[in-house]
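S.K.: Predicted model, plus sequence, below.
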Amino acid sequence: MSKEKTVHETKGVAVKLLATFDLGPEIEGMEGRQFRMRMVTFEPGGVFGPVHDHKDRPGMVYILQGTITDHRNGVATDYGPGVGWPEDKNTTHWLENRRTTPAVEISVDIVKQE
């Protein structure tokens, strides 16, 4: 079984909502969408799963501290401070902190309003 099909349950991860705003009044055609910013802290051994996609939920991630491993298409890529990655409609992945110190990222995305 490939890692992409293995269930990776979220553990050791804290998500703090930093800000949101309604995009409907800002951009024509964006009614019902929000721009969202979160701070995600991964404890050592923390996992953000399960495998998930970003269809209809594009975003970007920026690493503030530590190292986060992004798993997609059977490839594990480590990202450290000052680096990040896009999460577009072709992104299907899960994340983890393989290190012994906490890792922190800022995640921004466009989501349907709840």
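M.R.: Nice, thanks for sending it over. Numbering: from 1, shown residues only.

S.K.: avg pLDDT for stretch 84-97?
M.R.: If you average the pLDDT over stretch 84-97, you get 94.

S.K.: What pairs with the lowest-mean-pLDDT helix or strand in the chain, parallel or antiparallel?
M.R.: The least trusted helix or strand in the chain, going by mean pLDDT, DSSP states H and E, turns out to be strand 84-87, with a mean of 92. Looking at strand 84-87 with DSSP bridges, its partner strands are strand 59-65 (antiparallel).

S.K.: If you count neighbours, what's buried in the strand it pairs with?
M.R.: Neighbour counts over strand 59-65 (16 or more other Cβ atoms under 10 Å) mark Gly59, Val61, Ile63 as buried. Where C-beta positions appear, they are placed from N, C-alpha and C, glycine not excepted.

S.K.: could you dump the residues you listed to JSON lines with pLDDT?
M.R.: Shown next, in JSON lines, are the buried residues of strand 59-65 (pLDDT from 0 to 100):
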{"residue": "Gly59", "pLDDT": "96"}
{"residue": "Val61", "pLDDT": "96"}
{"residue": "Ile63", "pLDDT": "97"}
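
S.K.: Perfect, I'm done here.
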